[in-house]
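S.K.: below are the sequence and a predicted model; questions follow.
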Amino acid sequence: MAGVGAYNRRVRPVALGLLLILLVGAAPAAGRERIFRLTDPFGDDRGAGSLRYPRRSDMNPGDLDLLEFTAERRGDFTVFQFVFARNIRKPGREAIDGIGTMQSDLARRGFYTFNIDLYIDTDGEPNSGELAMLPGRKAVVSAKHAWEKTVAIAPRPHTLRASIERAKFREWREEESERRSLSRPEIKQRRRQISEELIPLVYFPTRINVIGRRLDAWVPNAFLGGEAQPTWGYVVVITGARLEQRFRVPFFGPWSQESLDGMVLPVFPGSDEQAFGGGLEDEPLQPPLIDILVPEGTTQREVLSGFDSRRSRPAQLPGIVPADIAAPAERADGGEGESPGSR
């Protein structure tokens, strides 16, 4: 584990504190202690720069535009906070299928349009953890910040977990079936092992608060191996979310298929209600990542353009170590703009 680094939070003027209460929805209350805060530029929710929001009225520019990422101490929990450019859309009673299933029936955590992935490098040792991201992200974490823990925040956490387990099982079965026949007991055992292997690696928060533009996710320190530290490395990823496990394949008619892509809205060259538009032709490794945090010295465009489909080389996402960068200047604009270490 990385050493515990001290974090000295700057004292803000009273007037600015009151302004942030109005902008964000609440300031840290008694009993809370901020560990670190990172900011991200306004208006960069376009992936590498060309992506367009799906052709639907309930997803518009700014909805997936992350502006702030904060960690706070709350007793036996670390609360990760995410502030977006627009108020987070709450699920309503609109039917989303032919049998009358409503958004609110499926998405019960107070949001439904996005997923948040948080990959955490707790030991600071290059190549010592995992590089693979959750299914459907079409990218990897850089070896420098190989991760030990992942926090997967989704509108349907239990469904996402089941989707990930099926994807990993399918991958294992296809690889093993090429070499030998598989017995039923062996298949059953492998399913159970995959489920157990996820427990120490990936946490799916169910204790989530949504207030205006802010989402708070409560993560037990027992899962993290201790309270979050500013000396750890963090990779933050925003993707569009799907609520259904089955989806229609755009441009190819009404046929549908089961989701094994981590419940992520894909990217296509054209436009569709179930996909982000503006994708590149014949680029299967273009990542459907809408907004990410990147360290000082690089840009989101550079990172998300750094894939090579012909060489089967996905984009590599760098992490940010809050303790390694200067504390971002507190601003009265609610985080809209550049700050050291976030771009």
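M.R.: Received, thanks.

S.K.: how close does L215 sit to A228?
M.R.: When CB to CB, to the nearest Å is the yardstick, L215 and A228 sit 16 Å from each other. All C-beta atoms are positioned from the backbone trio N, CA, C, and that covers glycine.

S.K.: nope, V141 is what I was after
M.R.: Separation of V141 from A228 (CB to CB): 17 Å.

S.K.: likewise for G43?
M.R.: As for G43, its distance to A228 is 28 Å (criterion: CB to CB).

S.K.: between these two, which one's more packed in?
M.R.: A228 (26 against 13; other CB atoms under 10 Å).

S.K.: ok, the more buried one - contacts?
M.R.: A228 is in contact with 35, 71, 78, 80, 120, 219, 221, counting by CB atoms under 8 Å, 6 or more residues apart in numbering.

S.K.: excluding chain neighbours, what is closest to the first one?
M.R.: Once flanking residues are discounted, I35 sits nearest to A71: 4.2 Å by CB to CB, 6 or more residues apart in numbering.

S.K.: also the fifth one?
M.R.: Take I120 and drop its neighbours on the chain: the residue closest to it by CB to CB, 6+ apart is K149, 4.5 Å away.

S.K.: wait, what's in contact with the one you found?
M.R.: Going by CB under 8 Å, 6+ apart, K149 touches 119-120, 122, 201-203, 223-225.

S.K.: which strands and helices lie in contact with the helix or strand harbouring E196?
M.R.: Assigned by DSSP states H and E, E196 falls within helix 184-198. Using 3 or more CB pairs under 8 Å, 6 or more residues apart in numbering; DSSP states H and E, the elements in contact with helix 184-198 are helix 157-177.

S.K.: I figured R313 hits F307, correct?
M.R.: Yes: assessed by CB atoms under 8 Å, R313 is found in contact with F307 at 6.2 Å.

S.K.: state the distance from the nearest residue to L118 once chain neighbours are set aside to E175.
M.R.: Excluding its sequence neighbours, the residue lying closest to L118 (CB to CB, 6+ apart) is V151, at 4.1 Å. Remark: distance between V151 and E175 (CB to CB) = 28 Å.

S.K.: looking at these two, which is more packed in?
M.R.: Between V151 and E175, counted using other CB under 10 Å, V151 has the larger neighbour count: 22 against 9.

S.K.: all helices for the stretch 201-343 of the chain, in order.
M.R.: With helices called from DSSP state H, counting those that start in this stretch, the stretch 201-343 of the chain shows them at 221-224, 300-304.

S.K.: so which of those is the most packed in?
M.R.: Stretch with highest mean neighbour count among the helices of the stretch 201-343 of the chain: helix 300-304 (a mean of 19; mean count of other CB atoms under 10 Å).

S.K.: so how far is it from its chain's centroid?
M.R.: Relative to its chain's centre, helix 300-304 lies at 16 Å (CA atoms, centre = their mean, to the nearest Å).

S.K.: packing partners for it?
M.R.: Applying 3+ CB pairs under 8 Å, 6+ apart, we find helix 300-304 packed against strand 291-292, strand 315-317.

S.K.: so which of those strands comes closest to H158?
M.R.: With respect to H158, and counting by CB to CB, the nearest of the helices and strands packed on helix 300-304 is strand 291-292 at 25.1 Å.

S.K.: quick revisit: any chance of the helices of the stretch 201-343 of the chain in TSV with distance to E171 as columns?
M.R.: Converted to TSV, the helices of the stretch 201-343 of the chain look like this (distance: least, CB to CB, whole Å):
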stretch	distance to E171
helix 221-224	24
helix 300-304	24
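
S.K.: of these, which approaches R52 most closely?
M.R.: helix 300-304 (14.8 Å).

S.K.: can you pull out the residues in contact with the closest one?
M.R.: Residues from elsewhere that reach helix 300-304 (CB under 8 Å, 6+ apart): 44, 47-49, 139, 287, 289, 291-292, 294, 315-318, 343.

S.K.: where's T113 relative to E273, distance?
M.R.: Separation of T113 from E273 (CB to CB): 13 Å.

S.K.: which one of these two has more residues nearby?
M.R.: The neighbour comparison of T113 against E273 (other CB under 10 Å) goes to T113, with 25 against 12.

S.K.: ok, the more buried one - contacts?
M.R.: T113 neighbours (CB under 8 Å, 6+ apart): 58-59, 63-64, 88-89, 155, 240-241.

S.K.: host element of E68?
M.R.: According to DSSP H and E, E68 maps onto strand 66-74.
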